[in-house]
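Engineer: Everything below, folded, please.
(one chain, ligands or ions: 1)
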Amino acid sequence: MMNPISKTAYYTLGVRAWDAALPSPICSDSFAKIFMNDDAQKVWKEFKDQSRPNMSNAARHAIIDNQLRSVFSEAPDSRVVIIGAGFDTRAYRIKGGKWIELDEPSIIEYKEAKLPTLKCPNALTRIPIEFSKESLIEKLQPYASQEVTHIIIEGVLMYLTHGERQKLVSGLQELFPRQIVYCDLMRKSFFERYSKELYEKIRSLGASFKDLVEQPEDIFLGNSYTMLGCTSVPLYAVQHGKDGLASFIIRYFLKTLREGYRICRFEYIKSND
Ligand SMILES: C[S@@+](CC[C@H](N)C(=O)[O-])C[C@H]1O[C@@H](n2cnc3c(N)ncnc32)[C@H](O)[C@@H]1O
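Structural biologist: Residues are numbered from 1 along each chain as shown. Modelled structure (predicted):
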């Protein structure tokens, strides 16, 4: 039985394949189409009419792409760990980085068949993990490091309970005493006002959001992280989707939309006392 959250990886994949084929893509993941088999097409068919959420989904990926490019322009050998990587193809697309991807065995196996680790232009390690049975922290133990580690948690936190988020964050802190986390954070008010229709489709895949709160950043701020900055996903989507009117309205009026779904970066440096 596939982890139901894993099916949502076919949705975000479908978005990026669709986006890349647009005349002016937001994210331009030209590798996404390689994974678009019958299962992926079937999931995408259910979601493809969700144009605003789909644009946001491509935007959230593009925002993190840009942030990583800027990291590599200063430090090309930076280490990146992607938790719940799904069909993330950044290791193939972005110049630089030493990459570690973790996800369910079925996803890793399919990725390996289509875009093998050995052919990746950057250093890449893929780690299969059954999230419901195996310990993420034990899997990552061999890669524990003092090196600054960039950790991507994209499209994952909303599916975890508060306890699971806490366990994840504490474990990552043990392994990586110097780290920067990049994640999408959704406020409860945003979910209630803007996400219900999309959520019905996510539910039909068997996945569900857990413990949504108004201040999702607190899981990091309450665990000694410092917030480095946040970018509005819907605003980035309309700006880069060249929708001038929507961009004006979101920028100046729709605060719940603008601030309700963001890509945020948090830094953690373990103190010595
Ligand atoms: C919505 S997808 C996001 C995939 C990818 N990060 C992206 O943005 O396209 C959610 C991913 O989380 C993975 N996942 C499932 N359970 C998880 C868990 N307990 N912790 C972390 N990731 C999990 C799934 O296998 C799936 O690939």
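Engineer: Next one: residue 249 from the ligand, what distance?
Structural biologist: For residue 249, the distance to the ligand equals 27 Å [C-beta to the nearest ligand atom, to the nearest Å]. Using the backbone N, CA and C atoms, a C-beta is placed for each residue, glycine as well.
Engineer: ok, now residue 172?
Structural biologist: Distance from residue 172 to the ligand, by C-beta to the nearest ligand atom: 11 Å.
Engineer: Tell me the spatial nearest neighbour of that residue, not counting adjacent residues.
Structural biologist: Among residues not flanking residue 172 along the chain, residue 151 sits closest, at 6.1 Å (C-beta to C-beta, 6 or more residues apart in numbering).
Engineer: That neighbour falls within a helix, correct?
Structural biologist: No: counting by DSSP: H, G, I helix; E, B strand; the rest coil, residue 151 is not part of a helix but strand.
Engineer: residue contacts, residue 271?
Structural biologist: residue 224 (C-beta atoms under 8 Å, 6 or more residues apart in numbering).
Engineer: which SS class is it?
Structural biologist: Going by three-state DSSP: residue 271 is coil.
Engineer: mind checking pLDDT for the residue lying closest to residue 114 once chain neighbours are set aside?
Structural biologist: Leaving aside its chain neighbours, residue 114 sits nearest to residue 34 (5.1 Å; criterion: C-beta to C-beta, 6+ apart). Note on residue 34: pLDDT of 98.
Engineer: So what's the residue count around residue 151?
Structural biologist: For residue 151, the count of nearby residues is 23 (other C-beta atoms under 10 Å).
Engineer: how far away is it from residue 265?
Structural biologist: Taking C-beta to C-beta, to the nearest Å as the measure, residue 151 falls 10 Å from residue 265.
Engineer: Return every residue with contacts to both of the two.
Structural biologist: Taking C-beta under 8 Å, 6+ apart as the contact rule, residue 151 and residue 265 both touch 180, 181, 182.
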